[in-house]
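1. predicted model and sequence follow; I will ask about them next.
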Amino acid sequence: MLDTYRQVVTPEGVALHLRAAGAVPRALAWMIDLALRAVIYVALFRALVGLFGEAGNAILGLAVFVMTWFYQVLFEVLMQGRTPGKWALGLRVVAADGAPVGWMASFTRNLLRVVDALPVCYAVGLITSLIDPWGRRLGDMVAGTLVVHAARQTDIRAAAVSPPLAPSMVLLPHEQAAVVAFAERGPNLTAARQAELADLTEALTQARGETAVMRLYGIANWLLGRR
Amino acid sequence: MRQEHFVARHEAEWRELERWLEMRASSARNARSHRRDWTGLRDDKIPERHRRLCQQLALARRRGYSAVVTDRLQQLMQRGHSVLYRTKPVHWRRSVEYLLAGFPRLVRAEWRCMLAAALLFWLPLISIFVAIQVRPELAAGLFDAQSLVRFEQMYDPARPDSALGRTNEDDLQMFAHYIGNNVGIGFQTFASGLVAGLGTVFVLIFNGVMIGGVAGHLQAVGHGEPFWRFVAGHSAPELTAIVISGGAGLRLGLSLIAPGQRRRIDSLIHGGRRGALICIGVFAMLVFAAFVEAFWSSIGSVPSSIKYGVGLALWVLVGLWLLRGGRNAVHRDDEDAA
């Protein structure tokens, strides 16, 4: 329940990273959708009844029907798993294997909202999504789908090129990874913070402050193979 | 191999794949129209390239390369995965085929649940109807006085205009109303089956009692003729659809209670898939029923014999469709249909 980070192993044998979304962002997304639908209803009502009179009421009735049962399905399938509400909250519906959600799965999960909404305020859905490690409501379980946080674009850039410097001691793999990670993320930090971090590796760089930072960058370049 | 060399060796390959994903994978229509101008990676090379990429990603992880490489490959892999493993698009021809053959086959395959649903619906309906004929005061226990008066007015044979005097606009509006109402009931009957089937049982009995009550009361007070004239046409598709969605709901409930050899979750997914497929057929039936109800049943000037004839013909057609549909067709995997 606490760890919402899930891995799915693809047929090719590598892990897909899915970050399952919890009840709160999903409820918020649902409310946004609800508000949007209310706005559309009112707009349609004004436009149709104004234009066609009685016949407008009939078209409105059909529109309400379509919006009740197919609003979520249409958006989820045509917009890569995102209704406007989910888009606003950065959520996506995907199949359990990480593939985009299909018509049948989306239709199923939205049909079963009827049960998840029981007895009031999505209580059943809330309880099941708290129990389930993937945060799924009943509809998601039956449809084999999952709501995930859409992948964030990472802002990590390659380490800047600087004269490579051989480390003065043997570094273990995780230490090497830490040095390279410092070189990649360091430029996003303030100079003082960079120096503070570099000071922790005094045994390796045999320097402090600005010099230590530059030496660490050099070692990172050496580790990356720029020599 | 050092990270830098690894990147240098494979960079071109990744760029090609990235370009393909950007240009060819986003929209199928776009991809088709630019098929001739496309000079990059060929479409049929993609599965192979994707496998290579996955291998490179695994290598990069194993060797502890930094986030710059692994994150990039990870993202590329996830994009490729969602293209390669997406569900097949729906073809119109397949959906028609499903409605004509696949759906009846699916209904017949679940005949036990369908039979149970039919009994749960028809037994209360008929018994209430008969009971009210014997003791008409029973109707007052089912409905309050206001509703009874409304029913009676709706089907009053003494009314000067036709049974349900309506204008064309009214018909259209009632069509929308019937669709929303009936499809809603159909879908709810199915979905509430997830509560161990109890919801479906309740909805079926409830609707059976209500319909039997209304019909019984109108028959008992002598307003039977306009009522039967009105419902004869759409009764076949509508009542059958409700029973079928009830059967699908029971099936869903059963797959929760008695998963058989499957894990419970797999059994639910299986039951849900079939149930949703059945719901598509139910949807089509109910839209057709609403169409008949709004535009045929409401016409008052047609003689009763024709009304009953059409009603009977529809019962025969629905029965034939459900019992014979798809019998001769080469068996296809209905799970893929629609």
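-> Received it, and whenever you're ready, just let me know what you need.
2. so who does B:Phe175 touch?
-> Neighbour list for B:Phe175: A:Ala58, A:Leu62, B:Ala290, B:Phe291, B:Glu293, B:Ala294, B:Phe295 [criterion: CB atoms under 8 Å, 6 or more residues apart in numbering or on different chains]. For the C-beta atoms, the positions are set from N, CA and C on the backbone; glycine is no exception.
3. for it, give me the pLDDT.
-> According to the per-residue confidence, B:Phe175 scores 84 in pLDDT.
4. against B:Trp92, how distant is it?
-> If you measure B:Phe175 against B:Trp92 using CB to CB, to the nearest Å, the figure is 24 Å.
5. next: B:Phe230.
-> B:Phe230 is 34 Å from B:Trp92, where distance means CB to CB.
6. pick out whichever of those two has more residues nearby.
-> The neighbour comparison of B:Phe230 against B:Trp92 (other CB atoms under 10 Å in any protein chain shown) goes to B:Phe230, with 20 against 7.
7. pretty sure the more buried one sits against B:Trp296.
-> No: with contacts counted by CB atoms under 8 Å, B:Phe230 stays clear of B:Trp296, the gap being 10.0 Å.
8. including distance to B:Leu314, neighbour count and pLDDT, could the contacts of B:Phe175 go into JSON lines?
-> What follows is the contacts of B:Phe175, written out as JSON lines (distance: CB to CB, whole Å; neighbours: other CB atoms under 10 Å in any protein chain shown; pLDDT from 0 to 100):
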{"residue": "A:Ala58", "distance to B:Leu314": "24", "neighbour count": "22", "pLDDT": "79"}
{"residue": "A:Leu62", "distance to B:Leu314": "23", "neighbour count": "16", "pLDDT": "84"}
{"residue": "B:Ala290", "distance to B:Leu314": "14", "neighbour count": "24", "pLDDT": "89"}
{"residue": "B:Phe291", "distance to B:Leu314": "12", "neighbour count": "16", "pLDDT": "88"}
{"residue": "B:Glu293", "distance to B:Leu314": "11", "neighbour count": "25", "pLDDT": "86"}
{"residue": "B:Ala294", "distance to B:Leu314": "15", "neighbour count": "22", "pLDDT": "84"}
{"residue": "B:Phe295", "distance to B:Leu314": "14", "neighbour count": "15", "pLDDT": "83"}
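9. which helix or which strand is home to B:Leu277?
-> Assessed by DSSP states H and E, B:Leu277 sits inside helix B:264-295.
10. touching chain B at all, stretch A:90-107?
-> Yes: using CB under 8 Å from any CB of the partner chain, stretch A:90-107 reaches chain B at A:Val94, A:Ala95, A:Asp97, A:Gly98, A:Ala99, A:Pro100, A:Val101, A:Gly102, A:Trp103, A:Met104, A:Ala105, A:Phe107.
11. and the gap between the fifth one and A:Arg92?
-> When distance is defined by CB to CB, A:Ala99 is 12 Å away from A:Arg92.
12. please identify which of the two sits among more neighbours.
-> Here A:Ala99 and A:Arg92 are compared on neighbour count by other CB under 10 Å; more neighbours surround A:Arg92, at 23 against 19.
13. Three-state assignment for that one, please.
-> A:Arg92 carries the three-state label strand when classified by DSSP: H, G, I helix; E, B strand; the rest coil.
14. where are the low-confidence patches of the chain?
-> Since no chain was named, I'll use chain A. For chain A, the stretches flagged by pLDDT under 70 are A:1-4, A:151-156, A:227.
15. you looked at the wrong chain, it should be chain B
-> Scanning chain B for pLDDT under 70 picks out the ranges B:158-169, B:329-338.
16. how about the helices of it, start to end?
-> Ranges of helices in chain B, per DSSP state H, are B:3-24, B:28-33, B:46-62, B:67-84, B:92-97, B:103-109, B:111-134, B:138-142, B:145-154, B:168-191, B:198-220, B:224-257, B:264-295, B:304-324.
17. A:Ala21: which of the ones you listed is closest?
-> Nearest to A:Ala21 among those is helix B:67-84; the distance by CB to CB comes to 16.5 Å.
18. contact partners of that closest one?
-> So helix B:67-84 is contacted by A:10, A:14, A:16-17, A:94, A:98-100, A:151, A:154, A:156-159, A:181, A:184, B:3, B:6-7, B:14, B:17-18, B:21, B:25, B:46-47, B:49-50, B:53-54, B:56-57, B:60-61 (CB under 8 Å, 6+ apart).
19. roughly how far is it from the heart of the chain?
-> Remark: helix B:67-84 is offset 36 Å from the chain centroid, using CA atoms, centre = their mean, to the nearest Å.
20. now the angle between helix B:3-24 and it, please.
-> Per axes from the mean of the first three to the mean of the last three CA atoms, to 10 degrees, the angle that helix B:67-84 makes with helix B:3-24 is 30 degrees.
21. counting neighbours, which bits of helix B:67-84 end up buried?
-> With burial defined by 16 or more other CB atoms under 10 Å in any protein chain shown, the residues of helix B:67-84 counted as buried are B:68-74, B:76-84.
22. and the longest helix for chain A?
-> Looking only at chain A and at elements set by DSSP H, the helix with the highest residue count is helix A:23-52.
23. that one close to chain B?
-> No: using CB under 8 Å from any CB, no contact is recorded between helix A:23-52 and chain B, whose separation bottoms out at 9.0 Å.
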